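Student: the following comprises the amino acid sequence and a computationally predicted model.
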Amino acid sequence: MLTNFILLFLFSGVPYYLYMEKREDFSYEKTFLASALLVLIGMAILILTQAEISTIVIIVLLLTALFSLYKATKTTNLYKLSYYIMFFNIPVLLFGIKESIYYGISLLVSLFGLYLMAKYYEKNYGSANYQPITGITLVTPFAGFFLTVYLTTLALYPPFPNSILFFNAILSSTPNLLWYLIVGIIFFGNFLIAVKVMAKTVFGKPNTNVHYIDLTLRERLSHYAIFIILITLSILGFQELLS
């Protein structure tokens, strides 16, 4: 019971919604890193304790995930989007420990890439708000490419690792009505969020009032490293699927 309570606290986004969101001195950047750390701690507890999650905890986490989905549809800030998507995907971590942990790692890697894109937006355009920075793939090909990769991965498109590991987690779990509900909500929610953001940032018409600046060499190397990790996770996911 205590483990379930701890996991509920770590996975539900309670520290963010009750504390971080209300603190002006707690930046969006710090919020993502702190929230990701809490989720990692929760994943470690799952592995170490092999805890059996109660149905009540799963239902509460699903409700908080739906609230995070609502928040994700209302924000145009890439920092906020990164941790709302993280909170939204938490129920998947409860499918099967081994497979869900793989999905959680892949999710955090792709969200870290989105977090770096938020830093890029903030540095070059003064804000991580993506709404006025449209058509970025046409004028900044490196930034457009990596942003497309992260959003496509988050949208659960194959052969990117999130989709493969999501499918593996489904296969490893025991189906029931709640399970079907979670699968449907998480799959379509991720897809709709990513497609909405992609349409407004990557493929829109460039804004003539904006001076576009592409990723620096150092930034590109960081994103290439994340890209390689995602490819590696895809390969591991295929191996798990075939085994």
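Tutor: That came in fine, so what should we check first?
Student: how far does the one helix or strand in the chain whose mean pLDDT sits lowest sit from the chain's center?
Tutor: Least confident helix or strand, the chain: helix 14-18 with a mean of 74, by mean pLDDT, DSSP states H and E. Remark: helix 14-18 is offset 17 Å from the chain centroid, using Cα atoms, centre = their mean, to the nearest Å.
Student: quick check: which element contains the residue nearest to Leu107 when sequence neighbours are not counted?
Tutor: The spatial neighbour of Leu107 that comes closest, neighbours along the chain excluded (Cβ to Cβ, 6 or more residues apart in numbering), is Asn89 at 5.5 Å. From N, CA and C alone the C-beta is placed, and that goes for glycine too. Asn89 is located in helix 78-89, with elements delineated by DSSP states H and E.
Student: any idea of the mean pLDDT for that helix?
Tutor: In this model, helix 78-89 has an average pLDDT of 93.
Student: which residues touch the residue nearest to Leu107?
Tutor: Ala65, Tyr103, Gly104, Leu107, Ile186, Asn190 (Cβ atoms under 8 Å, 6 or more residues apart in numbering).
Student: check Gln149 and give its pLDDT.
Tutor: One thing to correct before we go on: residue 149 is Val, not Gln. Predicted confidence (pLDDT) for Val149: 95.
Student: give me the residues contacting the helix or strand hosting it.
Tutor: For Val149, the host element (DSSP H and E) is helix 141-154. By Cβ under 8 Å, 6+ apart, the list of residues contacting helix 141-154 from outside reads 85, 106-107, 110-111, 113-114, 117, 120, 136-138, 160-163, 190, 193-194, 197-198, 201-202, 214-215, 220, 223, 226-227, 230.
Student: which among those residues end up buried?
Tutor: Using 16 or more other Cβ atoms under 10 Å as the burial test, those include 85, 106-107, 110-111, 113-114, 117, 120, 136-137, 160-163, 190, 193-194, 197-198, 201-202, 215, 220, 223, 226-227, 230 as buried.
Student: can you list the low-confidence ranges for the chain?
Tutor: 20-26, 96 (pLDDT under 70).
Student: tell me which stretches of it form helices.
Tutor: Assigned by DSSP state H, the helices in the chain fall at 2-11, 14-18, 28-49, 55-74, 78-89, 97-125, 136-139, 141-154, 161-172, 177-201, 217-242.
Student: among these, which comes closest to Val210?
Tutor: Closest approach to Val210 among these (Cβ to Cβ): helix 97-125, 6.9 Å.
Student: which positions in the closest one come out as buried?
Tutor: Using 16+ other Cβ under 10 Å as the burial criterion, the residues of helix 97-125 that qualify are 97, 99-122, 124-125.
Student: thinking again about what came up before, so which of the helices of the chain is the most surrounded?
Tutor: Sort those by mean neighbour count, taking mean count of other Cβ atoms under 10 Å, and helix 78-89 sits at the top with a mean of 25.
Student: just the CA atoms of it, as CSV, please.
Tutor: Taking C-alpha atoms only, helix 78-89 is exported to CSV below (Å, rounded to 0.1, in the frame of the first residue of the first chain):
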residue,chain,number,x,y,z
LEU,A,78,7.3,23.5,-25.7
TYR,A,79,8.6,23.3,-22.1
LYS,A,80,5.0,22.8,-20.7
LEU,A,81,4.2,20.4,-23.5
SER,A,82,7.2,18.2,-22.6
TYR,A,83,6.0,17.6,-19.0
TYR,A,84,2.3,17.4,-19.8
ILE,A,85,3.0,14.7,-22.4
MET,A,86,5.2,12.9,-19.7
PHE,A,87,2.3,13.0,-17.1
PHE,A,88,-0.2,11.9,-19.8
ASN,A,89,1.8,8.8,-20.7
